[in-house]
Structures are given as C-alpha cells and as structure tokens.
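Novice: here you go, sequence then predicted model.
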Amino acid sequence: MVQTDLTQLNRECVSWRENLRTYRSELSQFRERLHDVVSRPLSRQAMPQVEHYDNQIDIQLRNINQLKHEIKFHERHAAWELGKTTGNVSDNTWQVHERLHDQYEILEHTLHHLKEDFSSFVTTAS
C-alpha cells in the first residue's frame, strides 16, 4: 500500500513537471509571436497590451520554474521519508502534495486564460 501511494505521488509529480515544461515551451513561443507583432506597425492602444503580455510571460515563466523546483524538492523529501526507519510517507508530506496539486491547478488555469487572451490579442493585432 505504501509503495503504491509513493508510486502515485511520483507519477503525479512527473506528470506535473512534464506539463510545466510544455507550458514553458508555449510561453517561449508566445514571446516569439509577441516579437513578431511588435516588429510590425502597431496602434498606440496596443502598446500597453504588448507590455502586459511581455510582463505576464515573465511572471508565468518564474511561476513555472518555482513550482517545478518545489515539486522536485517534494519528490526527494517523500523518497527520503520512505527510506527512514518507518518506511512511510507522513501526513504532512501528503498535505504538501495536495497544496502543490492546488498550486499546479491554479497555475494551469492562469496559463489557459493567458493563452486565450494572448491568442485573441495576436489575432486582432495582426
């Protein structure tokens, strides 16, 4: 049972990190698209939006990086706990796992909305 729980924990963490890598790649593509938009003539009204999206890309890249590091630390800590004499992962570790899951879902939701908004902006700015 304990090994199954740790396997599930690891599987979820690996999945989150893989998805975060994909999101990071998408944000890099957004930055390239933003540079393409800026290379063409833009209205004055569009410039604050360009700055907004540039800032959002930076912020979300930092958020992704921070969450990836927290997930890696969490995985290592859970493996360390399992190796201790009790051979169990503590309730506290499961609480951290749930907190990370919540953070992941919030970030995913934020990135989804950013993607929709950014796509609309690029379409109208082109």
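Specialist: Perfect, thanks for sending it. Small disclaimer: the values here were computed from a predicted structure and weren't measured.

Novice: could you use CA atoms for every contact and neighbour count after this?
Specialist: Will do.

Novice: what about residue 116, how many neighbours?
Specialist: Neighbours of residue 116 under the rule other CA atoms under 10 Å: 10.

Novice: do residue 16 as well
Specialist: Number of residues near residue 16 (other CA under 10 Å) recorded here: 20.

Novice: equivalent analysis for residue 38, please.
Specialist: Neighbours of residue 38 under the rule other CA under 10 Å: 15.

Novice: against residue 47, how distant is it?
Specialist: Counting by CA to CA, to the nearest Å, the gap from residue 38 to residue 47 is 9 Å.

Novice: you'd agree residue 90 is up against residue 81?
Specialist: Yes: Residue 90 is in contact with residue 81 according to CA atoms under 8 Å; the separation is 7.4 Å.

Novice: who has more neighbours, these two?
Specialist: Neighbour totals were compared for residue 90 and residue 81, and residue 81 leads with 16 against 13 (other CA under 10 Å).

Novice: for the more buried one, give its distance to residue 23.
Specialist: Separation of residue 81 from residue 23 (CA to CA) stands at 30 Å.

Novice: tell me the secondary structure at the spatially most central residue of the chain.
Specialist: Residue closest to the mean C-alpha point of the chain, counted by CA atoms, centre = their mean, is residue 64 at 3.7 Å. Three-state call for residue 64 (DSSP: H, G, I helix; E, B strand; the rest coil): helix.

Novice: surely it touches residue 25?
Specialist: No: look at residue 64 against residue 25 with CA under 8 Å: they stay out of range, at 10.8 Å.

Novice: quick one: the helices in the chain?
Specialist: For the chain, applying DSSP state H gives helices covering 2-38, 46-83, 91-125.

Novice: identify each buried residue in the longest one, please.
Specialist: To tie it back to what came earlier, the one meant is helix 46-83. Buried residues in helix 46-83, counting neighbours by 16 or more other CA atoms under 10 Å, are found at 50, 53-54, 56-57, 60-61, 63-65, 67-68, 71, 74-75, 78-79, 81-82.
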